[in-house]
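Novice: Please find the sequence and the predicted model below.
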Amino acid sequence: MLVSLGTLPELARQLSGLGGCTRPVRLDGHRTEYEIDTTTGEIGRTLHHLDSTTLPAGQLLVRCNNRRATRCAACAETYRRDTYHLITAGLRGGKGTPERVATHPRVFATFTAPSFGPVHNRPSSRRPCRCGIRHDDQDPNLGTPLDPDAYDYEAAVLWNAHAGALWRRFSIYLRREVAKRAGLTQRAFRDHARVSFAKVAEYQKRGAVHFHAVIRLDGPEGGETAPPAWATAELLTDAIRAAATAARVEGPEVDGRPHAFVFGRQLDVRPIRSADFEGGQELTERAVASYVAKYATKGAETATGTLDRPLRFLAELAQARIPEHARRMIRTAWTLGARRELTDLRLRAWAHMLGFRGHFSTESRRYSTTLGALRDARAEWRRAQAAPAVPQEGETTLVLAHWVFAGTGLSSAEAWLTASLEPAPGTEGEPTWTADATS
């Protein structure tokens, strides 16, 4: 039908602009650009007009930009690439970050959650698990409690809910610890150095959040200034360990039981060197950026098999095909979310995330560029490719637009056509329609 109407090439071009997104937002409406004379204020000719009803799909299609690979692989891949460039810029320079940051002390640190009860695991010593079995790395029992009835689900969910606050407390303590080792007061430290970081959250198989972070010591103005002579990777490592040990967040009291949250005992801090891979034996800039970016698109559903969408009713769990451990975590979050004293944690809204409601990737202000800046640059490039009419001197444009949400996703025909689009060289995976691919 599409071919007979001659709309296939036009629809393919519209879909190719989605870059492979399979869950686009559909909008009804219009957008008009008018020429404006800034001297007289007179509205002139129409420069460009777009009406959704004239588009091949009948609506404007906008990428969903979901970071989860389980929801939209194409948009998640764009997010992963952006995260990779963000991390790399803070290690090597680029994207507005000076190259001198490659000479600054920097480490890669992993912060884990404490224990909430014994779980099935694979000990590094090649010993069997406590259950007596040597688990395969794909064993679905990994991360699940040895005794579910004795596992502290309440503390596990509340840990996830307070993990972001614990990281903020750690970052404050880290500056104090670095200043102490440099023989400076906290006020004086600001005039000598700055701590910059980028971190990503990852779920362990047991459903507890932990953090991977690139932490760097800069001069007082960030990456643009050299760190002082006393700033070394060894000093930074020592300060991180002290701050992680001292960081503590007081939690709520539930049925007479007080909760407090600290990091787990397993803390890994390693310096990052400047060269590329050499047999994969050392921690390199590229290895760190790839590792962090990999986890930027993974949610709780990837590690634990939980849901990748919010719950409206607890009864939905009965139809969900998820592991029993994830089911108990969700049910615990939902039950705690009914308590008035825990309203601020919004545990029911984030039950599918096992209580965690923080951002998955964050960075300090002076680490490097931002995900928003990368998205804006990409959008500006796409607008430039459209080659819109350029107003003459003394003129500008007036834009009037009205858009209404009309749904999400693709029709069966659009989904078929999207799947048949092939990546063109140089587009980094964004598909371009070819006649051979859809004939």
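Specialist: That came through fine.
Novice: what's stretch 84-95 in contact with?
Specialist: Applying C-beta atoms under 8 Å, 6 or more residues apart in numbering, the contact partners of stretch 84-95 are 96-97, 99-102, 106, 196, 198, 214, 216, 223, 272, 274, 285-286, 288-290, 292-293, 361, 363, 367-371, 373-374. In short, each C-beta sits where N, CA and C put it, glycine included.
Novice: Among these, which ones are in helices?
Specialist: Among the contacts of stretch 84-95, the members falling in helices (DSSP state H) are 285-286, 288-290, 292-293, 371, 373-374.
Novice: residue boundaries of the helices in the stretch 51-200 of the chain?
Specialist: Along the stretch 51-200 of the chain, counting by DSSP state H, counting those that start in this stretch, helices occupy 73-92, 153-181, 186-189.
Novice: okay, those helices in CSV with mean neighbour count and distance to Gly256 next?
Specialist: Shown next, in CSV, are those (neighbours: other C-beta atoms under 10 Å; distance: least, C-beta to C-beta, whole Å):
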stretch, mean neighbour count, distance to Gly256
helix 73-92, 22, 43
helix 153-181, 21, 12
helix 186-189, 12, 37
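Novice: for those, which one sits closest to Arg346?
Specialist: Of all the helices of the stretch 51-200 of the chain, it is helix 153-181 that lies closest to Arg346, at 8.6 Å by C-beta to C-beta.
Novice: next one: the closest one to chain centre, how far?
Specialist: 19 Å (C-alpha atoms, centre = their mean, to the nearest Å).
Novice: just stretch 15-34 next, same as before
Specialist: The answer for stretch 15-34 is 23 Å, by C-alpha atoms, centre = their mean.
Novice: Just the endpoints, please. Distance across that stretch?
Specialist: Stretch 15-34 has an end-to-end distance of 27 Å (C-alpha to C-alpha, to the nearest Å).
Novice: looking at the chain, which helix or strand does the model trust least?
Specialist: helix 435-438 (a mean of 37; mean pLDDT, DSSP states H and E).
Novice: and Glu250, what does it touch?
Specialist: Contacts of Glu250 by C-beta under 8 Å, 6+ apart are 258-260.
Novice: hmm, which of those are the buried ones?
Specialist: By neighbour count, with 16 or more other C-beta atoms under 10 Å, these hold His259 as buried.
Novice: Quick one: buried ones out of the contacts of stretch 84-95?
Specialist: Among the contacts of stretch 84-95, those classed as buried by neighbour count (16+ other C-beta under 10 Å) are 97, 101-102, 106, 196, 198, 214, 216, 223, 272, 285, 288-289, 292-293, 361, 363, 367-369, 371, 374.
Novice: how near is the closest residue in space to Thr418 that isn't next to it in sequence to Ala74?
Specialist: Excluding the flanking residues, the one nearest Thr418 by C-beta to C-beta, 6 or more residues apart in numbering is Leu15, at 5.2 Å. Distance of Leu15 to Ala74, given as C-beta to C-beta, to the nearest Å: 11 Å.
Novice: Check Phe263 too.
Specialist: Using C-beta to C-beta, Phe263 is found at 35 Å from Ala74.
Novice: circling back: would you mind listing the buried residues in the helix or strand where the residue nearest to Thr418 lies?
Specialist: Per DSSP states H and E, Leu15 falls inside helix 8-16. By 16+ other C-beta under 10 Å, the buried positions in helix 8-16 come out as 8, 11-12, 14-16.
Novice: just to revisit the earlier point, pick the one among the ones in helices among the contacts of stretch 84-95 closest to Thr39.
Specialist: After measuring those against Thr39 - C-beta to C-beta - the closest member comes out as Ala373, at 34.2 Å.
Novice: Next, find the distance separating that closest one from Thr225.
Specialist: For Ala373, the distance to Thr225 equals 21 Å [C-beta to C-beta].
Novice: now swap in Leu60 and tell me
Specialist: Noted for Leu60: a distance of 45 Å to Thr225, by C-beta to C-beta.
Novice: Tell me which of those two has more neighbours.
Specialist: Leu60 (20 against 16; other C-beta atoms under 10 Å).
Novice: Distance-wise, check the spatially most distant residue from the centre of the chain relative to Ile322.
Specialist: Distance from the C-alpha centroid of the chain, by C-alpha atoms, centre = their mean, peaks at Thr40 (47.4 Å). Noted for Thr40: a distance of 64 Å to Ile322, by C-beta to C-beta.
Novice: How about Pro252?
Specialist: As for Pro252, its distance to Ile322 is 27 Å (criterion: C-beta to C-beta).
Novice: could you redo the ones in helices among the contacts of stretch 84-95 as CSV and give each row distance to Gly355 and pLDDT?
Specialist: As requested, the ones in helices among the contacts of stretch 84-95 are arranged in CSV below (distance: C-beta to C-beta, whole Å; pLDDT from 0 to 100):
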residue, distance to Gly355, pLDDT
Glu285, 33, 85
Arg286, 34, 85
Val288, 28, 89
Ala289, 29, 88
Ser290, 29, 87
Val292, 23, 87
Ala293, 25, 85
Leu371, 24, 86
Ala373, 31, 88
Leu374, 30, 87
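Novice: For the residue nearest to Val399 when sequence neighbours are not counted, report the pLDDT, please.
Specialist: Of all residues beyond its chain neighbours, the one nearest Val399 is Glu33 (5.3 Å), with distances taken as C-beta to C-beta, 6+ apart. Confidence at Glu33, expressed as pLDDT, is 88.
Novice: Glu33 belongs to a strand?
Specialist: Yes: assessed with DSSP: H, G, I helix; E, B strand; the rest coil, Glu33 lies in a strand.
Novice: From what I see, it and Ala401 are in contact.
Specialist: No: if you go by C-beta atoms under 8 Å, Glu33 and Ala401 don't touch, sitting 9.1 Å apart.
Novice: more crowded one of those two?
Specialist: A count of neighbours by other C-beta under 10 Å puts Glu33 above the other of Glu33 and Ala401, at 18 against 10.
Novice: which regions of the stretch 151-300 of the chain lie under the pLDDT threshold?
Specialist: Where the stretch 151-300 of the chain drops to pLDDT under 70, the residues are 274-282.
Novice: Now do the strands in it.
Specialist: Remark: strands assigned in the stretch 151-300 of the chain by DSSP state E, counting those that start in this stretch are 194-203, 209-218, 249-254, 257-261, 267-271.
Novice: Turn these into JSON lines, including distance to Cys64.
Specialist: Listed next are the strands of the stretch 151-300 of the chain as JSON lines, based on distance: least, C-beta to C-beta, whole Å:
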{"stretch": "strand 194-203", "distance to Cys64": "21"}
{"stretch": "strand 209-218", "distance to Cys64": "24"}
{"stretch": "strand 249-254", "distance to Cys64": "34"}
{"stretch": "strand 257-261", "distance to Cys64": "34"}
{"stretch": "strand 267-271", "distance to Cys64": "35"}
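Novice: Counting neighbours, which bits of stretch 113-127 end up buried?
Specialist: Buried residues in stretch 113-127, counting neighbours by 16+ other C-beta under 10 Å, are found at 113, 115-117, 119-122.
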